[in-house]
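Participant: Below are the sequence and a predicted model; questions follow.
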Amino acid sequence: MAWAEPVEDVGPNALVGKVLRQYWHPVSTSADLEPGKAKPLRVLGEEFTIYRGAGGRVHILGPRCAHRYTWLHTGRVQGDEISCFYHGWRYDGTGQCTLQPAEAAGLAEKVRIPGYPAEEYAGLVFGYFGEGSPPLLPHYPQLDDPSSSVVAWIRPPGVWPVNFFQIMENSCDPVHGSFSHFGSVPAWRAIPEISVEDTAYGMRITALRPGQKERVTRFYFPNLIYTEPIETGGTEGDEQISTATKSHSFAWHVPIDNENSLYFGSVAMTSPDEAFLSDPSELTESDLSEIMLAERPPVGMVEEDWVAVVGQGALADRSNERLGRSDVAVARLRRMWRNAITELSPRAPGTPNPSRVEIRPNI
Ligand code: FES
Ligand SMILES: [Fe+2]
């Protein structure tokens, strides 16, 4: 529990929230934001307004109008600006007020609401919510390769009712493939040998199953998981197993708040990846309750991951868990995060860590 508490808090004043705010995060797919439309946005435990101007540029502003504080996303997008639903105060994409129709001239220029950098890349809209100027938005050669087609999505069913760290831990845990995905990925049935290597960007995890090529997952700090295309083959009993994906998969795990997260994916395909393209585009509430009540088994990777991760509860209780040898990448992930948090809160020797981060002895 001591470890879990700070990881759960993604708000602006919490250490985890502060670490996350040093990086860009996807907040929408590009396709979900039409020109001339505004929407409410909730990310990292805070509210925002997001809109795409008539000319196509995306802007992220604070949630409310400075006048009498009504929601700004209910307003009208006019050109590249947004005007408030209530009394027509207008703001540009930086948050500067540009018009106050019922006020004396000269007041508008003194009024500003928060504005946040926004950029589009790989089919996704990224926002930066930290202080000062943002780092460059990272690009990845696989997503920039002109011979690939890139498909961006929010992994069903949309909002995952769990803390973002749980979904990330699941992605750093190759052994779950042998059990959770027993039905959907026969090639993963054998227990893998796992090895982990620290890298400049985070860590490189390899899972090696008998008779197969190693499967590589890369964790890019703080919340991006990359998996490379695999070509696998082998036998399970009499069954000849052959699974091939030709997709470079990037998955960002973004907190909406402490107990809800979105999984943004951008996948570069060198040829159509049937397994990926046949993933369900949505799951209904009744699908989800049926599988959680074990009225039917989960079908497909999404449902299988859902059962495992949502089954831990919104905030997994880490106080009594029993990590083993096979959790090596999960433990490393936690340690990397603990180090990042500790860097934000230097302390005198012997004083308790204010972030209350505690990781049990490494395995
Ligand atoms: S509340 Fe927005 S213009 Fe009055
Ligand atoms: Fe999984």
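Facilitator: Good, I have the coordinates. Owing to the predicted nature of the structure, the values given are computational and were not obtained by experimental measurement. Ligands and ions are numbered 1, 2, ... in the order given.
Participant: Run through the stretch 251-363 of the chain and note the low-pLDDT ranges.
Facilitator: 275-276, 278-282, 346-363 (pLDDT under 70).
Participant: immediately after the helix or strand where Ile194 lies, which helix or strand?
Facilitator: With the criterion set as DSSP states H and E, the secondary-structure element containing Ile194 is strand 193-198. Of the helices and strands lying after strand 193-198 in sequence (DSSP H and E), the nearest is strand 202-208.
Participant: Convert the helix or strand following that next one to CSV, retaining C-alpha atoms only.
Facilitator: Elements were assigned by DSSP H and E; along the chain past strand 202-208, the next helix or strand is strand 215-220. What follows is strand 215-220 as a C-alpha-only set of coordinates in CSV (Å, rounded to 0.1, in the frame of the first residue of the first chain):
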residue,chain,number,x,y,z
ARG,A,215,9.4,-11.1,-28.3
VAL,A,216,10.6,-7.6,-27.5
THR,A,217,8.6,-5.0,-25.5
ARG,A,218,10.1,-1.6,-24.9
PHE,A,219,8.9,0.7,-22.1
TYR,A,220,9.4,4.4,-22.7
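Participant: Could you list the paired strands of strand 215-220 along with their orientation?
Facilitator: When sheet partners are counted by DSSP bridges, strand 215-220 sits next to strand 202-208 (antiparallel), strand 224-227 (antiparallel).
Participant: To Lys37, which of the ones you listed lies closest?
Facilitator: Of all these, strand 224-227 sits nearest to Lys37, with 27.5 Å by Cβ to Cβ. For every residue, glycine as well, the C-beta is placed using N, CA and C.
Participant: ok now that closest one, how far from the chain's centre?
Facilitator: Relative to the mean C-alpha coordinate of its chain, strand 224-227 is positioned 10 Å out (Cα atoms, centre = their mean, to the nearest Å).
Participant: Stretch 125-140 too?
Facilitator: Averaging C-alpha positions (Cα atoms, centre = their mean) puts stretch 125-140 14 Å from its chain's average.
Participant: If we go by neighbour counts, what in that stretch is buried?
Facilitator: By neighbour count with 16 or more other Cβ atoms under 10 Å, stretch 125-140 contains the buried residues Val125, Phe126, Gly127, Tyr128, Phe129, Gly130, Pro134, Tyr140.
Participant: what is the mean pLDDT for stretch 122-133?
Facilitator: Along stretch 122-133, the predicted local confidence has a mean pLDDT of 96.
Participant: can you name the farthest residue from the center of this structure?
Facilitator: What lies farthest from the middle of the chain is Ala104; by Cα atoms, centre = their mean that is 44.6 Å.
Participant: Would you double-check that that residue falls in a strand?
Facilitator: No - assessed by DSSP: H, G, I helix; E, B strand; the rest coil, Ala104 does not belong to a strand; its assignment is coil.
Participant: hmm, back to that, tell me the most buried of the strands paired with strand 215-220?
Facilitator: Between those, the one whose residues have the most neighbours on average, counting mean count of other Cβ atoms under 10 Å, is strand 224-227 (a mean of 22).
Participant: Now do the host helix or strand of Trp252 and strand 215-220, the angle between them.
Facilitator: Secondary-structure element containing Trp252, defined by DSSP H and E: strand 247-257. Counting by axes from the mean of the first three to the mean of the last three Cα atoms, to 10 degrees, strand 247-257 lies at 40 degrees to strand 215-220.
Participant: After strand 247-257, which helix or strand is next? Please name it.
Facilitator: Taking DSSP H and E as the definition, the helix or strand that follows strand 247-257 towards the C-terminus is strand 260-269.
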